[in-house]
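>>> What would the 3D arrangement of this be:
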Amino acid sequence: MQVTQTNADGLKHEFKVVIPAGHLEEKVSIRLVEVGRTVRIPGFRPGKVPMGILRKKYLSSVMGEVLEAVVNDGTQHALVEHKLRPAVQPKVEITSFKEGSDLEFTIAVETLPEVKITGLGDVAIEKPVAEVSDAAVDEALQNIADRQEKTEAAEKAYAADSGDVVVIDFLGKLNGEPFDGGKAEGYSLKLGSGSFIPGFEEQLIGVKADDERVVKVTFPAEYGSEALAGKDAEFDIKVHEVRKVVPPSIDDALAQSVGLGTLDELKKAIREEIEREYGSLSRAHVKRRLLDQLALQYDFVVPESMVDLEFDAIWKQLEKDKADGRLDAADQGKTDEVLKEEYRTIATRRVRLGLVLSEVGRENNITIVQDDLNRAVMAEARRYPGQEQMVFQYFQKNADALNGLRAPIFEEKVIDFILEMAKVTEKVVSIDDLRKDPDEDSEAVVAETAPKPKKKAAKKKDAVEE
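Numbers count the residues shown, from 1 in each chain. Below is the predicted model:
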């Protein structure tokens, strides 16, 4: 095998590989002998088929196998010999081959850059934290109680007020004709809930049991049904009953209704849940700030092929969002040329950060063990209350889905490792500040510590965070 490097330009390398015809013939003969031991051809016992017949019948398929094997071997040999780590799958092209002659092929490969990790202990991160107030616990407790609220029938002479529930039949009409989806019977509507078209609920204030009323409304211009959007409509209403909401009791019985023993236990559970929420929000800010610090600290050429792949994924999602009418407000009105420039900058940053995190993990032997995967599956299951068993079964039966958890797990473990080394100080902030978009928060923090990055790239999320 003869391997010659024909080009070395930064991260891009090209090779020419020549495999002697004799080596190919040896590989083909060995493989044909292996085939001959198992194939059954009428008139011959297994292992006794003449080579000439084997070559005539199986040479084409065997040659394909041999070519694939020697090309893979040649490619691997070139990479190992020159100590190269490919960024993506090398591109191989056979340039010369015919039976009885040498095989020649070229390899074009883009390699991973050398990333030198230094100064992680010098990284300084301010971690925003918020205290869980008694008011926040009380508000969450009230929300639970409100979901448990009950109603009782009011006297027939009682006039409905905001907050009351009216049980009604309704029939919607456009130009005097009923329309699809505009009819219901025995519907319970809480006045003031805002669950119906604007103006609908307000016109039912004051109704009593057995009343009949015509409600006139205009559907919003952005209403989901094109046939109704912006149209004037009338609803014939028949009131069956007015029900008053019975204020829920916040006591041990409320706690027992959600599976806990006492009100104190419920308050404790609520506080712990809010603490977890605040911790998650805090983590998002810290992670974004850390990634910004790393982006400022590390500046090296990244493989174009990796950027292309990342950009293609971003652009595909952006086009889908555009088609679905969900394009980010900051992107609306921009030309594709401008958007492509912006998102390619983001793709480059994502790839660079990914390489930094990967190298930190590689240098420090950060690995993923089964317990990590188990915890990740448990976390996924908790996102679907009541369907946990289905989630477990999904990951048990879907190896690709389970493997898909590896990258985010690895990333989080590397982030944890860096934060353990970094100088992290806590700053108490309001819950409103903690709930701010980490991207927007990141811009302000970076502005205080370094030259502000171009605004066009600052508001986009890092793939490393998604």
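
>>> Return the set of buried residues in the longest helix along the chain.
Identified as the longest helix of the chain according to DSSP state H is helix 263-297. For helix 263-297, the neighbour count (16 or more other CB atoms under 10 Å) marks 263, 266-267, 270-271, 274, 277-278, 281-295 as buried. (Glycine included, C-beta is placed from N, CA and C.)

>>> could you pull out the helices for the chain?
Under DSSP H, the chain gives helices at 21-36, 51-81, 134-147, 252-257, 263-297, 304-323, 336-363, 370-382, 388-397, 399-403, 406-421, 431-434, 438-449, 455-458.

>>> Please compute how far the first one lies from its chain's middle.
Offset of helix 21-36 from its chain centre (CA atoms, centre = their mean, to the nearest Å): 48 Å.

>>> List of residues touching it?
1, 46-47, 49, 51, 54-55, 58-59, 62-63, 65-67, 69-70, 100-103 (CB atoms under 8 Å, 6 or more residues apart in numbering).

>>> Now list the buried members of those residues.
49, 54, 58, 62-63, 66-67, 70, 103.

>>> Buried residues of stretch 19-28, list them for me.
Quick answer for stretch 19-28 (16+ other CB under 10 Å): 19, 24, 27-28.

>>> how far does that stretch sit from the chain's center?
For stretch 19-28, the distance to the chain centre is 48 Å (CA atoms, centre = their mean).

>>> try stretch 11-26
42 Å.

>>> so what are the domain limits for the chain?
Using automatic domain parsing, the domain parsing of the chain gives 2-110, 150-246, 263-465.

>>> do you know which of the ones you listed lies nearest residue 138?
domain 263-465 (8.7 Å; CB to CB).

>>> Residue 20 and residue 102 touch, don't they?
Yes - between residue 20 and residue 102 a contact is recorded at 5.6 Å, counting by CB atoms under 8 Å.

>>> residue ranges with poor pLDDT in this structure?
441-466 (pLDDT under 70).

>>> could you redo the last one with a cut-off of 80?
46, 439-466 (pLDDT under 80).

>>> With distance to residue 135 as new columns, can the domains of the chain be given to me in CSV?
Shown next, in CSV, are those (distance: least, CB to CB, whole Å):
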stretch, distance to residue 135
domain 2-110, 52
domain 150-246, 22
domain 263-465, 10
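
>>> Compare these and give me the one nearest residue 122.
So among those, domain 263-465 is nearest, using CB to CB, at 7.5 Å.

>>> what's the offset of the closest one from the middle of its chain?
With CA atoms, centre = their mean, you get 9 Å for domain 263-465.

>>> From here on, call the first residue 465.
Yep, numbering from 465; the last one is domain 727-929 now.

>>> Show me what counts as buried in stretch 696-708.
Buried, per 16+ other CB under 10 Å, within stretch 696-708: 697-701, 703, 705-708.

>>> Keep only those of the residues you listed that are in strands.
The strands, defined by DSSP state E, take in 697-701, 703, 705-708 from the buried residues of stretch 696-708.

>>> what about residue 740, distance to residue 746?
11 Å (CB to CB, to the nearest Å).

>>> returning to what we had before: ok, the buried residues of stretch 696-708 vs residue 473, which is closest?
residue 697 (67.9 Å).

>>> Verify the stated contact: that closest one with residue 684.
No - applying CB under 8 Å, one finds residue 697 not in contact with residue 684, separated by 11.6 Å.

>>> Just send the buried residues of stretch 696-708 back as TSV, with distance to residue 501 too.
Formatted as TSV, those follow (distance: CB to CB, whole Å):
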residue	distance to residue 501
697	81
698	86
699	83
700	86
701	86
703	88
705	86
706	89
707	85
708	88
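
>>> tell me how far the ends of stretch 664-679 are from each other?
7 Å (CA to CA, to the nearest Å).

>>> Can you list the buried residues in it?
664-665, 667-668, 671-673, 675, 679.

>>> farthest pair in the residues you listed?
Among the buried residues of stretch 664-679, 664 and 673 lie farthest apart (CB to CB), at 19.1 Å.

>>> Looking at strand pairing, list the partners for the nearest residue to residue 548 once chain neighbours are set aside.
The shortest distance from residue 548 to any non-neighbouring residue, by CB to CB, 6 or more residues apart in numbering, is to residue 575 (4.8 Å). Residue 575 forms beta bridges with residue 550, as assigned by DSSP bridges.
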